[in-house]
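A.B. asks: Here is the input, now give the coordinates:
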Amino acid sequence: MTLRTRLLAGVACLAAGSAALSAQAATPDNTLVMAWNIDAISTFDPAQIGEVVTSELVSNICDSLVEFAQDEESRVVPAFAKSWDVSDDKLTLTFHLTEGATFPSGNPVTAADTVWSLKRVLSLGFGNAAALTEYGFSTENMDELILAPDDKTVVLKFDKVYPTNLLLQAIGAYRVAATLDSKTIMANEKDGDFGNAYLNARTECVGPYRLVQWNQGEGIVLQANEGYYGEAPAIPRILIRHVAETGTQRLLVEQGDVDIARDLTPDDLTELAATDGISIKSALKPQLIFQTMNVLRPPFDNPKVREAMKYLVDYQGLGDTVMQYLGKPWNSFAQSGAWGALEGAEGQPFSLDLEKAKALLTEAGYPDGFESTLLIGSLPWSSPLGQHLQQNAAKIGVKLNIEQMANAQLFARARARDFDSIIMAWQTSIPDAHGNASRLVMNPDNSDEAKLTQYPSWRAGYQDLALNEKVLAAATETDDEKRRAIYRDMQVEWMKTGEMAVMFQSYNVAAVRDTVKNWTWNGFRTYYSEASK
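C.D. replies: Numbers count the residues shown, from 1 in each chain. The predicted model follows:
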């Protein structure tokens, strides 16, 4: 039996319920084995993905033009683009690509592939197209503004001046800038879908790994690309076993059946931190955990009701218990540490105050409360946070009926605007306040027909035209102090009236066996290729 067959057999074994293998079983030296809840995965198309899990995977499969520095998230460094230039008028950004790269298919990688990949995102029009349309690109102008003058150069032209670092972060380091194998994908196109169906369970891009197996609800196998232009990954195979139960994950990492466990409770992490041979690794990431309220449905169409919900959470109490290791209390849309974000108490002004919440409900016309349904997913914090909110809401006459489901179903309900309120998470792609301002505050078109599924603001039916204008003004303001002032005012206003009750900014946290060396991550990337045994 080959190693790959054994790996896939291990995935199938997990699916059959055989999670507990022999005590202290050793994983293969050339394979990194993770236990992770990956039930949110629905596609591997960089034009369409939005989930945190898939985003991490694709960032290790598809190189973008640039990437965030491992030790300094606000700084970008070369990736597939070895360098870049900015014109004197700041309206043209030119990337110089690495030469001699090949796709896993053997096809040579050219600038034409990169340009095709960017235009493909616009042509498909999925949520990730917003990463380009918000900077002036469209299907109508893309042939004039996205160019490949030769095989090693990509040129992006802009109609407005934007901060250069923002463009590098928001486009160059984002998944829309992944260079795809246009020949292979178009050979598998169906009904003009640009290979979207083909990429549901496949990857075809330039990067350190490729997807060789995905069994939904079971696991994933990644394999290092032999012809990769960059440094070869230290571990050639990554096996991710889908394990939703935190107790099972803990057992697997304790026994040595997996190298890393990704979804653990504070109790699990506390116990494992005291276990020989296991270390707890964490990094603050730009992911917010929140209750998002559907403004299209009463009573959440009333801003006073939305504000009241923000006083039903014991942020610090949860931070010391349920969210210990997992997150820090936070209320602003701009994550702590982002350029332009509020810090300290300014970014976390809410606290548990039932009298204040009751008064706001009375002012809104709901003195006796109301009844509503709260959707939650399957992550470790989902149920405890939902129950906490439910219990405190009941004290002021609000009945929240909790409905729990798999994360993929939860995201589908959110994208369809089919909810009263949801507890879920959102992770921005850039270390700048604009990242979340452009998705949680900005809503360019609130119609159902717009289908702006990658805008959490749109999902909740939230649109404030005045705040829209502030988001646009900040994005094109090149004076740093003026730009910071716009973000400060925006955060203060949105925290009071916005569609979300942000509760926590989360940590990437994992239990890692000491046999794994150089487990490397920051808030924006996890670097599989750096890990070794």
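A.B. asks: SS state for L239?
C.D. replies: strand (DSSP: H, G, I helix; E, B strand; the rest coil).
A.B. asks: go on, K328?
C.D. replies: State at K328, reduced to three classes by three-state DSSP: strand.
A.B. asks: Same question for S506.
C.D. replies: strand.
A.B. asks: Tell me if I'm right that it and W330 touch.
C.D. replies: No: look at S506 against W330 with C-beta atoms under 8 Å: they stay out of range, at 9.2 Å. Every C-beta, even on glycine, is put in place using the N, C-alpha and C of the backbone.
A.B. asks: Overlap in contacts, these two.
C.D. replies: Taking C-beta atoms under 8 Å, 6 or more residues apart in numbering as the contact rule, the neighbours common to S506 and W330 are L288.
A.B. asks: so how far is whichever strand or helix holds A131 off the chain centroid?
C.D. replies: Per DSSP states H and E: A131 is located in helix 130-133. Helix 130-133 has its average C-alpha position 16 Å from the chain's average C-alpha position, going by C-alpha atoms, centre = their mean, to the nearest Å.
A.B. asks: Tabulate the CA atom coordinates of it in CSV.
C.D. replies: Extracted in CSV, the C-alpha atoms of helix 130-133 (Å, rounded to 0.1, in the frame of the first residue of the first chain):
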residue,chain,number,x,y,z
ALA,A,130,-15.5,43.2,-4.6
ALA,A,131,-11.7,43.2,-3.9
LEU,A,132,-11.3,44.6,-7.4
THR,A,133,-14.5,46.5,-8.1
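A.B. asks: What residues sit buried inside whichever helix or strand comes after it?
C.D. replies: Past helix 130-133, heading to the C-terminal end, the next element that is a helix or strand (DSSP H and E) is helix 142-145. Judged by neighbour count (16 or more other C-beta atoms under 10 Å), helix 142-145 contains these buried residues: M142, L145.
A.B. asks: cool, stretch 441-450 as well?
C.D. replies: Residues of stretch 441-450 classed as buried under the neighbour-count rule (16+ other C-beta under 10 Å) are V441, M442, N443, P444, N446.
A.B. asks: Might one say that the third one is in contact with W458?
C.D. replies: When you say that, I think you mean N443. Yes: with contacts counted by C-beta under 8 Å, N443 reaches W458, the gap being 5.1 Å.
A.B. asks: Could you tell me which residues touch both of these two?
C.D. replies: With contacts defined as C-beta under 8 Å, 6+ apart, the residues shared by N443 and W458 are L452.
A.B. asks: for the stretch 1-150 of the chain, what spans make up the helices?
C.D. replies: Remark: helices assigned in the stretch 1-150 of the chain by DSSP state H, counting those that start in this stretch are 3-15, 52-59, 111-124, 130-133, 142-145.
A.B. asks: weakest of the ones you listed by average pLDDT?
C.D. replies: Out of those, the stretch the model trusts least by mean pLDDT is helix 3-15, with a mean of 43.
A.B. asks: okay but G365 is in contact with N302, surely?
C.D. replies: Yes: between G365 and N302 a contact is recorded at 7.3 Å, counting by C-beta under 8 Å.
A.B. asks: ok, those two, which is more surrounded?
C.D. replies: Neighbours of G365 and N302, each counted by other C-beta atoms under 10 Å, are more numerous for N302; the result is 18 against 12.
A.B. asks: How about that one, nearest residue that isn't a chain neighbour?
C.D. replies: Nearest residue to N302, sequence neighbours excluded (C-beta to C-beta, 6 or more residues apart in numbering): A364, at 4.6 Å.
A.B. asks: tell me the SS of L400?
C.D. replies: Assigned with three-state DSSP, L400 falls in the strand class.
A.B. asks: Next up, the contacts around V516.
C.D. replies: V516 makes contacts with L32, D259, I260, A531, S532, K533, as judged by C-beta under 8 Å, 6+ apart.
A.B. asks: Need these in JSON lines (columns: secondary structure).
C.D. replies: Compiled in JSON lines, the contacts of V516 are given as follows (three-state DSSP):
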{"residue": "L32", "secondary structure": "strand"}
{"residue": "D259", "secondary structure": "coil"}
{"residue": "I260", "secondary structure": "strand"}
{"residue": "A531", "secondary structure": "coil"}
{"residue": "S532", "secondary structure": "strand"}
{"residue": "K533", "secondary structure": "coil"}
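A.B. asks: out of these, who has the most neighbours?
C.D. replies: Within the contacts of V516, neighbour counts (other C-beta under 10 Å) peak at D259, which reaches 27 neighbours.
A.B. asks: so it sits right up against D514, yeah?
C.D. replies: No: with contact defined as C-beta under 8 Å, D259 and D514 do not form a contacting pair (9.8 Å).
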